[in-house]
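K.L.:
here is the input, now give the coordinates:
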Amino acid sequence: MTDLTKTPVTVITGFLGAGKTTLIRHLMLNPQGKRLAVLVNEFGTMGVDGEILKSCADANCPAENIMELSNGCICCTVADDFIPTLERLMAMPVKPDHILIETSGLALPKPLLKAFDWPAIRSRITVDGVIALADAEAVAAGRFAPDEEAVEAQRATDPSLDHETPLSEVFEDQIACADIVLLSKADLAGDDGLAAARAVIEAEAPRKLPILPLTDGVIDPRVILGLGAAAEDDLAARPSHHDGADDHEHDDFDSVVIELSEIADPADLAARIERLAREQKILRVKGHVAVAGKPMRLLVQAVGERVRHQYDRPWGDAPRASRLVVIAEHDDIDEAAIRAVLAA
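P.N.:
Numbering: from 1, shown residues only. This next block holds a predicted model:
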């Protein structure tokens, strides 16, 4: 049994754009009588997810309980950022009943779990469970479970191609570390897509895992909170590609922040982002944009060629500054070319 004197932490992991922030927003709106705290990790220099969550703050999860780590991957900044931030949360006048951690889409969860064995927090915090989100439509398409025959065919024409891509390693490590897998955007995948995605994850998982469909982040919180997994004591059951390594690098990925002038047409911007995904293999775009004549910010979220945008809140007294974070694999990112497409 989990020591009930410890504050439970739920680690929410998943690839870029899988829906982690949407799930956390749902949990904040349905806290089951608990006072929540949220720790958000961003890959890149500008926090967008943190701002989205702070706009949902209420008495059950006040703004001061929502903290961001934006100086790098959470599993690489344990001593400098992660542990001190957890200690600040635990030192608040009203201690949270449950802490939600949204990892970067590029984070490996196992090094993070190892951090919960640090003496500074071991006696006060436990990992209630690890929730991995996977985009059902993408997984069904086989993007993160390489087909051996297809890889061999590609290798025949490109001897430099490695069987295991960095993206697949991230995906597999997140599944291997999970207590529950949520197949997000189930409505887009359909029954056949969900079945295909489930088969991929069952093949990748090192043990039998609950795999549940998810649409718009809506799920009964009782299903994913209160698991009592004490995951920090169960590391052997959660294998990683990086077991035995002292650390890991994220040099395979890079991000740039693009500042834009006011735009006239959100649809035109979405088309430009789609073009980047096709031509430059951009993985993720997110940020806020000022639209001429509109008093509200335009929130932009893109995963590959799938672009979503909506007005989220008035600019108010804040500067009408348009900034987009663009994330891609290191060899594919060309800041000048990205800027030329987005700012044209």
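
K.L.:
so the closest residue to residue 224 other than its chain neighbours: helix, strand or coil?
P.N.:
In space, and not counting its chain neighbours, residue 224 is closest to residue 131: 5.3 Å by C-beta to C-beta, 6 or more residues apart in numbering. Bear in mind the C-beta positions are built from the backbone N, C-alpha and C, glycine included. Under DSSP: H, G, I helix; E, B strand; the rest coil, residue 131 falls in the strand class.

K.L.:
tell me the contacts of the residue nearest to residue 125 when sequence neighbours are not counted?
P.N.:
Nearest residue to residue 125, sequence neighbours excluded (C-beta to C-beta, 6+ apart): residue 7, at 5.2 Å. By C-beta atoms under 8 Å, 6 or more residues apart in numbering, the contact set of residue 7 is 90, 95, 96, 97, 98, 99, 124, 125, 126.

K.L.:
cool, residue 279 as well?
P.N.:
So residue 279 contacts residue 341 (C-beta under 8 Å, 6+ apart).

K.L.:
can you offset everything so residue one is 246?
P.N.:
With 246 as the first residue, the last one maps to residue 524.

K.L.:
which element is it on?
P.N.:
Assigned by DSSP states H and E, residue 524 belongs to helix 511-525.

K.L.:
now residue 553
P.N.:
strand 551-559.

K.L.:
which elements pack onto the first helix or strand past that strand going along the chain?
P.N.:
Sequence-wise, the next helix or strand downstream of strand 551-559 (DSSP H and E) is strand 567-574. In terms of contacts (3 or more C-beta pairs under 8 Å, 6 or more residues apart in numbering; DSSP states H and E), strand 567-574 is packed against strand 498-505, strand 529-534, helix 580-588.

K.L.:
show me what the first one is packed against.
P.N.:
This means strand 498-505. Going by 3+ C-beta pairs under 8 Å, 6+ apart, strand 498-505 lies up against strand 567-574, helix 580-588.

K.L.:
quick one, the shortest one and strand 498-505 angle?
P.N.:
Pointing back at strand 567-574 there. Between the axes of strand 567-574 and strand 498-505, defined by axes from the mean of the first three to the mean of the last three C-alpha atoms, to 10 degrees, the angle is 160 degrees.

K.L.:
neighbouring strands - and their directions - for strand 567-574?
P.N.:
strand 498-505 (antiparallel), strand 529-534 (antiparallel) (DSSP bridges).

K.L.:
ok so, going back, tell me how far the residue nearest to residue 469 lies from residue 554.
P.N.:
The gap separating residue 376 from residue 554 is 27 Å, by C-beta to C-beta, to the nearest Å.

K.L.:
show me which of the two is the more surrounded one.
P.N.:
A direct count of neighbours by other C-beta atoms under 10 Å for residue 376 and residue 554 places residue 376 higher, at 25 against 17.

K.L.:
what ranges in the stretch 446-589 of the chain fall below the confidence cut-off?
P.N.:
487-498, 575, 589 (pLDDT under 70).

K.L.:
do that again at 50, thanks
P.N.:
The model of the stretch 446-589 of the chain has no residue with pLDDT under 50.

K.L.:
now the stretch 246-395 of the chain
P.N.:
Short version for the stretch 246-395 of the chain, where the test is pLDDT under 50: 246-248, 289-291, 324, 390-395.

K.L.:
which parts of it are strands?
P.N.:
252-259, 281-286, 311-314, 343-347, 370-380 (DSSP state E, counting those that start in this stretch).

K.L.:
tell me what angle the last one forms with strand 343-347.
P.N.:
Going by the same axes, to 10 degrees, strand 370-380 is angled at 40 degrees with respect to strand 343-347.

K.L.:
CA atoms only: put strand 370-380 into CSV for me.
P.N.:
Extracted C-alpha coordinates of strand 370-380, given in CSV (Å, rounded to 0.1, in the frame of the first residue of the first chain):
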residue,chain,number,x,y,z
ILE,A,370,6.0,12.4,-2.3
THR,A,371,5.1,9.2,-4.2
VAL,A,372,4.3,8.6,-7.9
ASP,A,373,0.7,7.6,-7.8
GLY,A,374,0.9,6.5,-11.5
VAL,A,375,2.2,7.2,-15.0
ILE,A,376,-0.4,8.0,-17.6
ALA,A,377,0.8,7.8,-21.3
LEU,A,378,-1.2,9.5,-24.0
ALA,A,379,-0.8,8.3,-27.5
ASP,A,380,-2.5,9.9,-30.6
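
K.L.:
return the distance of that strand from the chain's centre.
P.N.:
11 Å (C-alpha atoms, centre = their mean, to the nearest Å).

K.L.:
partners of it, with directions?
P.N.:
Paired strands of strand 370-380, defined by DSSP bridges, are strand 252-259 (parallel), strand 425-429 (parallel).

K.L.:
give me the neighbour count for the closest residue to residue 259 other than its chain neighbours.
P.N.:
What sits nearest to residue 259 in space, not counting adjacent residues and going by C-beta to C-beta, 6+ apart, is residue 378, at 3.3 Å. Other residues within reach of residue 378, judged by other C-beta under 10 Å, total 26.

K.L.:
now residue 416
P.N.:
Neighbours of residue 416 (other C-beta under 10 Å): 24.

K.L.:
my guess is residue 344 meets residue 281, correct?
P.N.:
Yes: between residue 344 and residue 281 there is a contact at 7.4 Å, judged by C-beta atoms under 8 Å.

K.L.:
can you give me the helices in the stretch 296-445 of the chain?
P.N.:
328-335, 354-360, 364-367, 381-385, 393-402, 411-422, 431-449 (DSSP state H, counting those that start in this stretch).
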